[in-house]
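Enquirer: Provided below for reference: sequence and predicted model.
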Amino acid sequence: MTTQVIRRLLQTIPTLIGVSIVLVLIFHLIPGNFVDSNPTISKERATELKEMYGLNDPVHIKYIKWTQGVLKGDLGYSISHKQPVTTIIDRYVWNSVLIAGAVMVLSWIIAIIVGVFSAVRQHSFFDGVITFLVFAVMSLPSFFLGLLAIKLFAVDMRIFPIGGMTTTGANYEGWAHVWDVLEHMILPVIVLTALNVGGLTRYFRTSMLDVIKQDFIRTARAKGLKERTVIFKHALRNAMIPAITLLGFEIPSLFAGAMITESIFNWPGIGGVFLDAITARDYFLMLGYTFFIAFLTIIGNVVADLMYRVVDPRVRMK
Amino acid sequence: MKKKLLILLSAVMAFSLILSACGGGDAAKPADPGTKVETPAEGEKPAEGDSGLNTEGLNKATDPSKAPATAAARKDTVILGVPAPSGVFHPAYEESSYDVWVNDLLFTTLLEIQKDGSYAPHLGDYKVSDDNKTITFTLKDAKFSDGKPVTADDVVFTLTLLYDKSYDGPSDAFAYAPVVGAKDYKEGKAQSISGLKVVDPKTVEITLEKPSVLSLDVFGATGILPKHVYESAYKPGDLSKMKDTFLNPVGSGPYTLEKFVPKQEVVFKANPNYFLGAPKVPNLIYKATTEETNLQLVQTGETDGDTFISATLDNVEAIREFGFADLMLNPTNGYGFIGLNHKDEKFSDKRVRQALVYGLNRQDVVDGVYQGLADVINIPQSKVSWAYTDEVNKYEYDLEKAKALLDEAGWKVGADGIREKDGKKFTITFTASTPNTVNEVLIPIAKENYAQLGIDFVPDQMDFNALLDKVEKGNFEMVFLASALTPNPQISQGTFRTGGNQNKYFFSNPRVDELYKLANEEFDLEKRKAYYKEIYQITNEEVAQIFLYQRRDTLTTNSRIQGFDTSPYKDFTADAAAIQIQ
């Protein structure tokens, strides 16, 4: 197992190099830059600043300079924040993780339950309604659902706060603070879960349907096992195997930040910061953050692979 | 099969019921049920801006008693909504306006911008020598928030920073304020800048290489840092440690920083040492808000006002319906224009350029986009500025005049109705960004207006940054853009001087160049006024750009907060020490 882990990790190196080359190249080609967007400075000053930030370097020099930094854990310097990119990511990403984590746990739980039921009762009324609702919610744009939720629950009924992460000016401490944050999380988490759960439900439903039709399930039923045991012990466990791969892929999305939803609910996450960086052409922040997510995606892949080996003996045999 | 169809049908019906319920609910509620609304009879409301609206100034709250309880419960705290500051709390490095608003409260500048954009003494007063090369600042008695006095040393320390080799902030001190000895200092040939002289603890004498009125934008508008606090972070040629001070700012402003939570809030406490007296509001909080919900936050009382609600008719009407909010509408510090590529041969004739202005119904465009919350402009200056003049051609929409001008210029209508000259058809490619609310209205109107003139107007729409790239390379004929306006009118020289840093349109007029040079060497406001007036008259007559519109900005405040007296140039922060809770 250890050798497999090491081998798999070594395999990621060329991928990472490839990704970094592509990213530096793409961001190099994007028109516009931060310095030129300041209309009040002279051409000389603009050139001087670009020189200082290394924006004038040819692409291969940019690449070498940047990778040297990355190897030391330095993702570059955010021009708009005047701070290292890692500081900026650290400042905002955990707020995004909080929301994304809650959404992930909730949507998986709901999706598994709903997916299993609609698989077991395939073509039933329940299945039909769920299928319809899932598609209906999925096809609503997040800004619409978000604004609708704010209008109904925050402005009209005033049950939940409109946005943000804490009550401004309240200065809560300890548990009161935790409760305050939870209260602010509810609406964005509900909206994101609603958008997320649809796809997952379909996934579990299909996977479950595949398993239920297999011979060993019939055998289990023939043995006289209780239906509950058959479904949850025998079928669900097997149906979950492909889901584990999915879990690996979810790692980067934990850190990616939901741009639109975060902005609607004024959640202080990384999504909005990244969007601003793109608009302002904050070169190293765009590059550094995209690379960070790419890195997590690759790691997520490795984790998915390895987990697959752990849970599925058939893969281990090969 | 039948069963499945039934299920589907019932589901669809159930969902459409939900939808229609939502829609019905919305239609039945003219406004939010949290506050009682006197419903004006439907249809009575005029389509454009309701009658009593003052589009250039204050609209008082009609019924302060409607104020939400949440806001009224805050007795010693004011919460203002602002777009999130990024945490660059250092006057030499502030990039975004929102960081500037934070620094305005934490630091004090030598001069203060007045409502008409001119400078008035603040922490200091200044005198200019006869040759306009020496500026002497005298400081008033003031203390930093830690109790130490503000001295000439602090001023010199702050300004020196801007000339440092490793300084990478947005201030272009060398171009604006060429101080004697600054180059030597930058190149490491001198230990200090000889042109920045401490005469006595209250007096600083600054010598410039050549007169520059722009230097006031550097000397007068940079918050003064306490040397004894920031000294340890400053090593000539290496300012990297300065960036570690951003979140621990110390200054002499009306407030001190209590807490900064990124993208959520900035909490200020009144500074008892403030030189104009401690602010009357003990706690001031900036809450980070976004366009999606800043209006609702005022409505529910989570904020006491917002600085950044966009000035659309919908928003303005909603705010006035709240009843408890004071709404200030100011012309924005910027304007929209159509840039012409003066290198393009067909635009080389002044008469053609003028015909393009006469022949475009600019009022239609502006009303279409802003519904009364914007004006057509004819010069690149805000009407509230001290430098403004209206003694220019108004270019009222006049199709016949436009046709006559084109005829005179030799563009004759051809067989297909399109004008031509020397065998060339009059076609204009209009480079436009999309999505863009102005272009959505401008393009169809311009296409129709110019078709009547016999000009084929061809829009070419693209992403905004792609458009900028084209403009940067001079690869365009006609383009819609917007530009910022600054309190100091001299800054627009970048756009209108030959070879200016923002002159992407190749506009060149020797008299304008000369006037900008003269204006920059003159500190007397009246004399400068005459120079700018002539500049505006020439840019208007020569059609340097097709000037389009100036829209509005809002400042919305719960009427329990009184004392804001803003203008496009004077930010709300200038009143932060004076506001009161009622």
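Expert: Nice, I can see it. Numbers count the residues shown, from 1 in each chain, chains lettered A, B, ... in the order given.

Enquirer: what's the closest non-adjacent residue to the closest residue to chain A within the stretch 351-500 of chain B?
Expert: Of all residues in the stretch 351-500 of chain B, residue B:469 sits closest to chain A, at 3.6 Å by Cβ to the nearest Cβ. Yep, even glycine has a C-beta here, placed from its N, CA and C like the rest. Spatial nearest neighbour of residue B:469, chain neighbours left out: residue A:31 (3.6 Å); criterion: Cβ to Cβ, 6 or more residues apart in numbering or on different chains.

Enquirer: show me what contacts that neighbour?
Expert: If you count contacts by Cβ atoms under 8 Å, 6 or more residues apart in numbering or on different chains, residue A:31 has them with B:465-466, B:468-469.

Enquirer: Residue A:168 and residue B:261 touch, don't they?
Expert: No: under the criterion of Cβ atoms under 8 Å, residue A:168 is not in contact with residue B:261, lying 9.2 Å apart.

Enquirer: Which secondary structure state is assigned to residue A:234?
Expert: Three-state call for residue A:234 (DSSP: H, G, I helix; E, B strand; the rest coil): helix.

Enquirer: residues from the stretch 151-300 of chain A in reach of chain B?
Expert: Residues of the stretch 151-300 of chain A lying close to chain B (Cβ under 8 Å from any Cβ of the partner chain) are A:154-156, A:158, A:161-169, A:263-266, A:268-269, A:272-273, A:281.

Enquirer: In helices, which of those residues appear?
Expert: A:263-264, A:272-273 (DSSP state H).

Enquirer: who wins for most neighbours among the residues you listed?
Expert: Neighbour counts for those peak at residue A:273, which has 28 neighbours (criterion: other Cβ atoms under 10 Å in any protein chain shown).

Enquirer: just checking, that residue touches residue A:88?
Expert: Yes: look at residue A:273 against residue A:88 with Cβ under 8 Å: they come within range, at 6.6 Å.

Enquirer: Between the two, which contacts overlap?
Expert: Going by Cβ under 8 Å, 6+ apart, residues that sit against residue A:273 and also against residue A:88 are residue A:285.

Enquirer: give the contact list for the residue nearest the centre of chain A.
Expert: The centre of chain A sits closest to residue A:253, judged by Cα atoms, centre = their mean, with a distance of 1.3 Å. Shown in contact with residue A:253 (Cβ under 8 Å, 6+ apart): A:100, A:104.

Enquirer: Kindly recompute the last result at 7 Å.
Expert: residue A:100 (Cβ atoms under 7 Å, 6 or more residues apart in numbering or on different chains).

Enquirer: Distance of residue B:159 relative to chain A?
Expert: 16 Å (Cβ to the nearest Cβ, to the nearest Å).

Enquirer: To what extent is residue B:271 buried, counted in neighbours?
Expert: Using other Cβ under 10 Å, residue B:271 has 23 neighbouring residues.

Enquirer: Could you do residue B:456 as well?
Expert: Look at residue B:456: counted by other Cβ under 10 Å, it has 16 neighbours.

Enquirer: ok, the closest residue in space to residue B:207 that isn't next to it in sequence - contacts?
Expert: Counting by Cβ to Cβ, 6+ apart, residue B:195 is the residue found nearest to residue B:207 once chain neighbours are left out, at 4.1 Å. Contacts were defined as Cβ under 7 Å, 6+ apart; by that measure residue B:195 touches B:179-182, B:206-208.

Enquirer: quick check, nearest of those to chain A?
Expert: residue B:182 (13.0 Å).

Enquirer: The closest one against residue B:163, yeah?
Expert: Yes: shown here, residue B:182 and residue B:163 form a contact pair, counting by Cβ atoms under 7 Å, at 4.4 Å.

Enquirer: follow-up on the earlier one: check the gap between the residue nearest to the centre of chain A and residue A:247 for me.
Expert: 11 Å (Cβ to Cβ, to the nearest Å).

Enquirer: residue ranges of the strands in the stretch 1-150 of chain A, please?
Expert: A:77-78, A:83-84 (DSSP state E, counting those that start in this stretch).

Enquirer: so which of the ones you listed gets nearest residue B:413?
Expert: strand A:77-78 (56.6 Å; Cβ to Cβ).

Enquirer: which secondary structure elements does that closest one contact?
Expert: With contacts taken as 3 or more Cβ pairs under 7 Å, 6 or more residues apart in numbering or on different chains; DSSP states H and E, strand A:77-78 sits against helix A:85-120, helix A:283-311.

Enquirer: what about these, which gets the closest to residue B:415?
Expert: Among the helices and strands packed on strand A:77-78, the nearest to residue B:415 by Cβ to Cβ is helix A:283-311 (53.1 Å).

Enquirer: in that closest one, what counts as buried?
Expert: Residues A:283-306, A:308-309 are the ones in helix A:283-311 that count as buried (16 or more other Cβ atoms under 10 Å in any protein chain shown).

Enquirer: Now the residue of the stretch 151-300 of chain A found nearest chain B. Nearest residue, chain neighbours left out?
Expert: Per Cβ to the nearest Cβ, residue A:268 is where the stretch 151-300 of chain A lies closest to chain B, at 3.4 Å. With sequence-adjacent residues excluded and distances taken as Cβ to Cβ, 6+ apart, residue A:268 is closest to residue B:263, at 3.4 Å.

Enquirer: residue contacts, that neighbour?
Expert: A:92, A:268, B:84, B:288.

Enquirer: Those residues in strands, which ones?
Expert: residue B:288 (DSSP state E).
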